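> what would the 3D arrangement of this be:
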Amino acid sequence: MLIAGALVNGDFETPPSGGFSSDGRISDGPSTIPGWKTNGTVEAVESGQKQGGMILIVPQGAHAVRLGNDAEISQEVKVEKGALYSVTFSAARTCAQLESLNVSVPPASQTIDLQTLYSVQGWDSYAWAFQASEEDARVVFRNPGMEDDPTCGPIIDDIAIKKLFVPDKPKDNAVVNGDFEEGPWMFRNESLGVLLPTNLDEDTSSLPGWIVESNRAVRYIDSYHYSVPGGKRAIELLSGKEGIISQMVQTRPNKPYRLTFSLGHAGDACKQPLAVMAFAGDQAQNIHYTPNSNSTFQTANVNFTAKAERTRVAFYSVYYNTRSDDMSSLCGPVVDDVRVQQSGSIGVRVVGLGLFLVLCYQLLVVVLI
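Numbering: from 1, shown residues only. Just a heads-up that it's a prediction; the model follows:
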């Protein structure tokens, strides 16, 4: 059973039976690209290949595929029925106009807008999750566009899949996956992190427990390429109010709670100031990251009183930050180790015990007298 890793020829480096042709164009058929079925105009593109005055972007390695108007590629994979999976892939666009890419495992589907470039490399990695309805799944990538120029169309590369596990909620923390350690597949040789686009369904999220409830993505980062407050994974908030992550946590009405989290700098030359807006129920707090020479992160907290049995916890970047080394790659503050705990409960227990002891002492005195 497939658990995690690249799909067969997911990097498109295995050549077709006749080798890579001079024009790169591949005809329809079940075996034109090893491991993949194609439909429509699918082209194998090579790193450095020119089209007019433009150099085509290949995310990794020497080859990738480009999908023409309404063209698609697909691959059959074995999965566990009912389990949650995340598909990671890299994508680039080839024309100035809006391009998008539809990724699906029927009947689940999502179209991802490639208009926004989050880095100057010209490509980004994305993740999309689905729940397997059958043991035989068909992963499909399709270009839904119908452009006047048939040579336009998204380029895709480095496709992988991972079975996700929803972590158990800690006894002392109402937040699920608050350390962000469970998430989509990440290639160790790719240093841009993985973008998590809009996803309002908490049951099919590439970041179990969390949703992205905005029209821009947030970035899932690792400790191999970024500064991470704890563990190996964290979230970098991008695009100001347009990049929001949130979770509904279980609470007891009218009880006091404290939201705590780590706020940091990813170490990616992101221009300061860095700040987050943190929400916990009806409380919202603007918290600025204060640089410390001994640490790349700090601990922040928000006190609130729960109003219901479920309370929304959310974060977004206060500013619209870019990197200082290229002036255009999007970046932002890092959030990690999110916790929600009932506050005052220890003090209440101590006070209650003290009152009990006092009453017992008074009773004893009365009896002796």
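
> quick one: which helix or strand includes the closest residue to F261 other than its chain neighbours?
Spatial nearest neighbour of F261, excluding adjacent residues (Cβ to Cβ, 6 or more residues apart in numbering): V338 at 4.5 Å. (Glycine included, C-beta is placed from N, CA and C.) V338 belongs to strand 334-342 when elements are defined using DSSP states H and E.

> in that strand, which residues are buried?
Neighbour-count burial for strand 334-342 flags 334-340, 342 (criterion: 16 or more other Cβ atoms under 10 Å).

> likewise stretch 239-258?
239-240, 242-249, 251, 257.

> if we only consider those, which is nearest to L200?
S246 (9.7 Å; Cβ to Cβ).

> and that closest one, what does it touch?
210-211, 213, 279, 312-315 (Cβ atoms under 8 Å, 6 or more residues apart in numbering).

> just the buried subset of those residues, please.
210-211, 213, 279, 313-315.

> TSV for those residues, including secondary structure and distance to T204?
Below are the buried ones among the contacts of S246 laid out as TSV (DSSP: H, G, I helix; E, B strand; the rest coil; distance: Cβ to Cβ, whole Å):
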residue	secondary structure	distance to T204
W210	coil	12
I211	strand	10
E213	coil	14
F279	strand	23
V313	strand	20
A314	strand	19
F315	strand	21
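
> which of the residues you listed sits closest to G40?
Distance to G40, by Cβ to Cβ, is smallest for I211 among those, at 32.9 Å.

> L196 is in contact with the closest one, correct?
No. With contact defined as Cβ atoms under 8 Å, I211 does not count as touching L196 (9.4 Å).

> per-residue pLDDT, the most centrally placed residue in the chain?
Geometric centre of the chain, nearest residue: L196, 3.3 Å, by Cα atoms, centre = their mean. Looking at L196, its pLDDT reads 96.

> tell me how far it lies from L114.
15 Å (Cβ to Cβ, to the nearest Å).

> can you pull out the low-pLDDT segments for this structure?
The chain contains residues with pLDDT under 70 at 1-3, 18-31, 96-97, 345-369.

> now the angle from the helix or strand where A300 lies to strand 334-342?
Element membership for A300 (DSSP H and E) is strand 297-305. Strand 297-305 and strand 334-342 meet at an angle of 40 degrees, taking axes from the mean of the first three to the mean of the last three Cα atoms, to 10 degrees as the criterion.

> pull the residues that contact strand 297-305.
Under Cβ under 8 Å, 6+ apart, the answer for strand 297-305 is 227, 229, 254-265, 276, 278-283, 285, 287, 289-290, 292, 311, 334, 336, 343.

> that older thread, which elements pack onto the strand holding V338?
Judged by 3 or more Cβ pairs under 8 Å, 6 or more residues apart in numbering; DSSP states H and E, strand 334-342 is in contact with strand 233-236, strand 245-250, strand 256-264, strand 310-317.

> mind putting the ones you listed into TSV with distance to N189?
Formatted as TSV, these follow (distance: least, Cβ to Cβ, whole Å):
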stretch	distance to N189
strand 233-236	17
strand 245-250	26
strand 256-264	24
strand 310-317	27
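
> could you pull out the helices for this structure?
345-368 (DSSP state H).

> count of neighbours near E72?
A count of nearby residues for E72, using other Cβ atoms under 10 Å, gives 19.

> my read: E135 touches K78, true?
Yes. At 6.3 Å, E135 counts as touching K78 under the criterion of Cβ under 8 Å.

> who has more neighbours, these two?
E135 (13 against 10).

> and the closest residue to that one other than its chain neighbours, how far is that from E134?
Residue nearest to E135 in three dimensions, not counting chain neighbours: K81, with 5.2 Å by Cβ to Cβ, 6+ apart. Distance, K81 to E134, using Cβ to Cβ: 6 Å.

> kindly report the same for E190.
From E190 to E134 the distance is 30 Å (Cβ to Cβ).

> neighbour count: the two, which is higher?
E190 (19 against 11).

> can you give me every residue that contacts that one?
59-60, 90, 125, 158.

> just flag the most distant two among the residues you listed.
Across the contacts of E190 (Cβ to Cβ), the longest gap, 9.4 Å, separates Q60 and S125.

> those two: which is more packed in?
Taking neighbours as other Cβ under 10 Å, Q60 and S125 compare with S125 leading, 26 against 18.

> from Q285, how far out is that one?
If you go by Cβ to Cβ, the gap between S125 and Q285 works out to 32 Å.

> quick revisit: list the contacts of the residue nearest to the centre of the chain.
126-127, 184, 206-207, 212, 217-220.

> just these: which are in strands?
Among the contacts of L196, the members falling in strands (DSSP state E) are 126-127, 212, 218-220.
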